[in-house]
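1. following is a predicted model, sequence given first.
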Amino acid sequence: QAQRPWRRTGLKPPIPAALGVLLALALLALARLPPSLDCSPYLPPASSPPGPQWEAATPLSGGQARSKRPPMAPARLWQDQLPGLGRRRRQGVVGNAPLWFSNDDLQKMQLLASGRVVSKTRVPAHGQVLRVGLRAMGDAEGDALPASPEGDCWEGRCGLIKRPGDLYEVLAFHLDRVLGLNRSLPAVARRFTSHLLPYSYTDGSLRPIIWWVPDLRHLEDANNDQNSCALGWLQYQEMLQPRGPTLVAGDAPCSGIPRGEWSRLALFDFLLQVHDRLDRYCCGFQPDPSEPCVEEMLHEKCRNPAELVLVHILVRRSAPSRLVFIDNAGRPQHPEEKLNFRLLQGIDSFPAAAVATLRSGRLQSLLLESLRVDQELWESQGGAEGLRPLLRTIDRRARILLQYIQEHNLTVFRDSP
């Protein structure tokens with residue numbers, strides 16, 4: 001009979017136990033298949049296949065571009081396990097992520113990397129920066145609502161698209177998280193295709209997009225609205241004294257900022273050589289004639305410390321005792337012989353966890369592990385090989401900072417959240 005082939009071949013009929021074994025093996029094979037790609041909360045890993053073509057991307061280090069790729073749709077998110085050391089399972093999230101990213105970080109990074117652009121707004125006095133409203137892919141409830149720039153931003157659904165040359169801000173965000181500072185804003189690299197954006201934003205160039213904080217505190221002074229408090233250099237140095245901020249006792253935003261916050265800022269700015277906040281006048285090194293601080297005649301004011309002010313000193317209304325680090329592009333090519341130690345002036349202690357990471361000798365490997373999460377950035381820089389020179393520079397600055405801490409007998413303090 002056709003339904004009994006084993007009788008014609010002389011084989012014995014299969015017994016139920018054999019069928020059970022085969023069924024168990026099939027179920028085991030199905031269980032080991034890779035998970036679906038469409039429901040992941042993570043950015044795609046660096047091992048994902050690249051697109052068919054490539055195009056010029058802005059290198060973080062300012063050198064020649066290493067990879068090319070045409071404009072593409074927002075990055076899909078991947079749930080494959082990321083390589084690395086510290087991991088933990090996150091409630092409500094499938095897969096693992098580096099320990100230093102919070103669930104809130106991952107949600108914001110996902111929105112920035114793949115959210116649909118629904119509105120755009122120019123930022124006053126920042127001609128090459130756009131604020132965009134974003135809606136999460138597959139957000140049926142959000143898609144049903146009309147685009148409202150202010151409403152979207154107040155709900156935390158906005159990002160700031162910056163210049164291709166500001167990609168270093170993405171690395172700065174990862175450095176902040178690896179060191180456990182948690183004061184900078186989520187940032188990813190992305191190529192945009194939305195018809196709402198000008199062509200210069202959709203020509204395939206890679207740009208950083210930074211999460212927009214809805215409740216930053218700004219001064220009402222139009223000439224000083226990039227600060228939450230007006231703070232001069234001499235006042236700042238007085239605040240760092242152990243006896244407390246006596247000169248600014250009446251300035252609530254500044255007097256409410258603990259000394260530990262300034263220590264975090266100084267450490268972060270030194271590693272990245274961000275001068276704009278604490279030393280926009282370039283008083284801590286001899287600037288080149290082409291430096292903005294020279295062209296704008298700011299450097300001349302170094303002779304009179306009473307005229308020096310700090311900028312981009314910002315806090316949130318919801319957390320007035322925590323600094324928010326913005327505009328963190330820094331100077332990846334700043335020469336070692338001109339490192340700005342003025343950024344560390346007045347600081348007598350540093351956060352223990354950050355110093356321990358610097359001392360571990362693993363800073364470069366941890367940064368590589370973290371940067372793999374952002375596939376766009378990773379591929380544009382040539383992966384680990386392309387990023388290593390930049391990370392070696394940061395690691396070298398870290399060693400110099402550790403030597404500075406030792407030579408000046410500085411201490412560490414226990415970190416706060």
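-> Okay, I see it.
2. you'd agree Ala136 is up against Gly115?
-> Yes - the pair Ala136 / Gly115 is scored as a contact, 5.6 Å apart, by Cβ atoms under 8 Å. Any C-beta I mention is one placed from the backbone N, CA and C, and that applies to glycine too.
3. could you name the helices and strands sitting against the helix or strand containing Glu376?
-> According to DSSP states H and E, Glu376 maps onto helix 375-380. Helix 375-380 sits against strand 187-190, with contacts defined as 3 or more Cβ pairs under 8 Å, 6 or more residues apart in numbering; DSSP states H and E.
4. output the strand it packs on as CSV, nothing but the C-alphas.
-> Backbone C-alpha positions of strand 187-190 (Å, rounded to 0.1, in the frame of the first residue of the first chain) are rendered in CSV as follows:
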residue,chain,number,x,y,z
ALA,A,187,22.6,60.9,21.8
VAL,A,188,22.9,58.7,18.7
ALA,A,189,24.2,59.1,15.1
ARG,A,190,21.6,59.0,12.4
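5. chain center to it, what's the gap?
-> Centroid displacement of strand 187-190 relative to its chain, using Cα atoms, centre = their mean, to the nearest Å, is 8 Å.
6. dump the helix or strand just after it to PDB, keeping only the CA atoms.
-> Next in sequence after strand 187-190, counting helices and strands by DSSP H and E, comes strand 207-211. Output of strand 207-211 as PDB, limited to C-alpha atoms (Å, rounded to 0.1, in the frame of the first residue of the first chain):
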ATOM      1  CA  ARG A 207      24.400  63.700  12.100                       C
ATOM      2  CA  PRO A 208      24.200  63.500  15.900                       C
ATOM      3  CA  ILE A 209      20.700  63.800  17.400                       C
ATOM      4  CA  ILE A 210      20.500  64.700  21.100                       C
ATOM      5  CA  TRP A 211      17.500  64.200  23.300                       C
END
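7. what sits up against strand 207-211?
-> 108, 111-112, 132, 156, 158-164, 166-167, 169-170, 173, 185-192, 201, 326 (Cβ atoms under 8 Å, 6 or more residues apart in numbering).
8. thinking again about what came up before, more neighbours: which of Ala136 and Gly115?
-> Gly115 (23 against 15; other Cβ atoms under 10 Å).
9. give me the distance between the more buried one and Pro332.
-> Applying Cβ to Cβ, to the nearest Å, the value for Gly115 to Pro332 is 28 Å.
10. please give me every residue in contact with Arg317.
-> Here Arg317 is in contact with 215-217 (criterion: Cβ under 8 Å, 6+ apart).
11. what about Glu376, how many neighbours?
-> 24.
12. measure the residue positioned nearest the centre of the chain to Gln333 for me?
-> With distances taken as Cα atoms, centre = their mean, Phe173 lies nearest the centre of the chain, 2.4 Å away. Counting by Cβ to Cβ, the gap from Phe173 to Gln333 is 19 Å.
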